[in-house]
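> Predicted model, plus sequence, below.
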Protein chains: 2
Amino acid sequence: MRVEDYILKFGIKPSVQRVAVMKYLMTHKTHPTVEEIYEALHEEISTLSKTTIYNTLKLFVENGAAAQLNIEDKCVHFDGDISAHAHFLCQHCGMIYDIFPSKMPIINELSSLEFGSHNIQNVQLNLTGICEKCMKKQKVKESK
Amino acid sequence: MRVEDYILKFGIKPSVQRVAVMKYLMTHKTHPTVEEIYEALHEEISTLSKTTIYNTLKLFVENGAAAQLNIEDKCVHFDGDISAHAHFLCQHCGMIYDIFPSKMPIINELSSLEFGSHNIQNVQLNLTGICEKCMKKQKVKESK
DNA sequence: TTGCAATTTGTTATGATTACAAATTTACAA
DNA sequence: TTGTAAATTTGTAATCATAACAAATTGCAA
């Protein structure tokens, strides 16, 4: 499916900028920040403004076409994958890993959570720690 | 137990400022921000600096004496309750509700989560939506 | 083509957080 | 008790993500 049609499904009118941002999210599963998206897209679309990135991502999130991750306090990350999954942030290298239900079955239960009569619109399961790669690096350092 | 002894258990040396911040966290279950803590404590400790609040809270979080909530993108909230529980942020009024395992049994499983060989140090379950109170207000408005 | 609404852009403002060095307090040895 | 180094606190200035805003541009219908 074309990216234009994909965002249309969420009620978002396509534009050159919006399609470019969504295409970036879909091809880069790195949970990029506004800064990273801007730096990448600025090359192809030289007139692209950072404000447009902010506006576009806000539009995506409000319409359910993308997810906003508040896993880090420095800045917000975005995710084009809106399927149910959790995230793991490595405090050492900053990488954000996806955790899918196949690896963590509890994720399947998150969509049906209830909390009194409150209206739940979003559920995020955020893990932080040190990733496997960084732990190995630390051990090498310690043994020297 | 005195607050001095409580923070000592986490390896934190007590000071007037640190005790005041921890006491505030323990008596105000509102998940306050740095700003809120500063405004409240500034009255009793007139020389108190906002930098000290930042330093103190960072120290608490690093030593496990308090929890940092990244549930909102505007700013960070803090919680003196370090027992396993989740949070619900109302997007309308900004209030953050505690959700304890008795109301949401799945929370009991969060402490034993595993993700490959990665070293998990922290797990946060964050819900957002519209709280019961705000939903009622909306209905009143709509019916007018 | 014309005109209006939606979108994009660039600049400026805001506000949370951090960096940093000076001032103060604390701990402790002499 | 006194002196001194370390720890802590403080105030200011800098940083940086994000929002506000108005002007410029684009899309589209009449």
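Sure, I can see it. As the structure is a computational prediction, the values presented were derived from the model and not from experiment.
> Just give the closest residue to A:H42, not the sequence neighbours.
A:L48 (5.5 Å; CB to CB, 6 or more residues apart in numbering or on different chains). From N, CA and C alone the C-beta is placed, and that goes for glycine too.
> A:L41 is in contact with that neighbour, correct?
Yes: with contacts counted by CB atoms under 8 Å, A:L48 reaches A:L41, the gap being 5.5 Å.
> hey, what's in contact with both of those two?
A:A20 (CB atoms under 8 Å, 6 or more residues apart in numbering or on different chains).
> and A:A84, how many neighbours?
If you count neighbours by other CB atoms under 10 Å in any protein chain shown, A:A84 ends up with 14.
> got the contact list for it?
So A:A84 contacts A:101, A:107-108, A:110-111 (CB under 8 Å, 6+ apart).
> helix, strand or coil for A:Q68?
strand (DSSP: H, G, I helix; E, B strand; the rest coil).
> Now for A:G11: which residues touch it?
A:N63.
> mind checking how far it is from A:K133?
40 Å (CB to CB, to the nearest Å).
> the helices in chain A, which residues?
A:3-8, A:16-27, A:34-44, A:50-62, A:107-110, A:132-143 (DSSP state H).
> Local confidence estimate at the closest residue to A:K50 other than its chain neighbours?
Nearest residue to A:K50, sequence neighbours excluded (CB to CB, 6+ apart): A:Y38, at 5.1 Å. Residue-level confidence at A:Y38 comes out at 98, pLDDT.
> Contacts for the least confident helix or strand in chain A by mean pLDDT next, please.
One helix or strand of chain A scores below all others by mean pLDDT, DSSP states H and E: helix A:132-143, with a mean of 83. If you take CB under 8 Å, 6+ apart as the criterion, helix A:132-143 is touched by A:90, A:92-93, A:130, B:116-119.
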